[in-house]
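> I would like to see how this sequence folds:
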Amino acid sequence: MTTIIGIDPGSCRTGYGIIRLEGNRHIHVASGHLDVSHYALSEKLRRIFLGLNDLIHTYGPEEAAIEQVFMHANPNSALKLGQARGAAIVALDMPVAEYSARQVKKSVVGHGAAKKEQVQFMVTRLLNLTKALQADAADALAIALCHAQARNLNKLLRGHRS
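Prediction:
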């Protein structure tokens, strides 16, 4: 049994999603977002770090995955996103796998250019959830599911080589 945390970093809302792998099943453990939109930048980063640190201590994930930074039209936005991502990575205090938004969408929806609504729908279906998910939480769960799929593929490939 492995627990994975997925992080969708953001300078206003950082999404998190925690799943547990039981054989071939993916079980939803927790998800949500840290809303830091009302704070100055240094306080945002501190709250992201502390919030994720609390989640790590509460749920004890063994593996972590985070979305890679993509290029923004606004360099200032990209810089802030990078800082939020850095605060998240430091809080995780474990090796962190990184996936592009395109990789995540392709692994969950089957199409790298899927819309947010499609990701939300598929995450809800894959985890057998009854309630609609907030967008940042759905994205974070999609990142965790992408990591689960990638680790299973790596395990199969390692077994095939031996």
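> number of residues surrounding Ser100?
Applying other Cβ atoms under 10 Å, we find 14 residues neighbouring Ser100. (Glycine included, C-beta is placed from N, CA and C.)
> run through the residues that contact it.
Ser100 is in contact with 67-68, 70, counting by Cβ atoms under 8 Å, 6 or more residues apart in numbering.
> same thing with Asp35?
By Cβ under 8 Å, 6+ apart, the residues touching Asp35 are 12-13.
> and it, what pLDDT?
In this model, Asp35 is scored at 97, pLDDT.
> mind listing the residues bridging to it?
Beta bridges link Asp35 to Arg13 when assigned by DSSP bridges.
> can you give me the neighbour number for Leu129?
Neighbours around Leu129, by other Cβ under 10 Å: 14.
> so who does it touch?
Residues in contact with Leu129 (Cβ under 8 Å, 6+ apart) are 28, 123.
> related to what we said a few turns ago, out of the contacts of Ser100, list just those in helices.
The members of the contacts of Ser100 all map outside helices under DSSP state H.
> output the residues you listed as JSON lines; include the columns distance to Gln103, pLDDT and neighbour count.
Shown next, in JSON lines, are the contacts of Ser100 (distance: Cβ to Cβ, whole Å; pLDDT from 0 to 100; neighbours: other Cβ atoms under 10 Å):
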{"residue": "Glu67", "distance to Gln103": "9", "pLDDT": "94", "neighbour count": "25"}
{"residue": "Gln68", "distance to Gln103": "8", "pLDDT": "90", "neighbour count": "13"}
{"residue": "Phe70", "distance to Gln103": "11", "pLDDT": "72", "neighbour count": "10"}
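> please identify which of those residues is nearest to Phe121.
Glu67 (18.8 Å; Cβ to Cβ).
> ok, the contacts of Ser100 vs His26, which is closest?
Using Cβ to Cβ, the contacts of Ser100 come closest to His26 at Glu67, 18.2 Å.
> isn't the closest one right up against Val104?
Yes. Glu67 is within contact range of Val104, at 6.6 Å (criterion: Cβ atoms under 8 Å).
> shared neighbours, those two?
With Cβ under 8 Å, 6+ apart, Glu67 and Val104 have common neighbours 139, 143.
> dihedrals phi and psi, the closest residue in space to Gln134 that isn't next to it in sequence?
Sequence neighbours aside, His33 is the residue nearest to Gln134 in space, at 6.2 Å (criterion: Cβ to Cβ, 6 or more residues apart in numbering). His33 adopts backbone torsions of phi -150, psi 160, taken as degrees, to the nearest 10.
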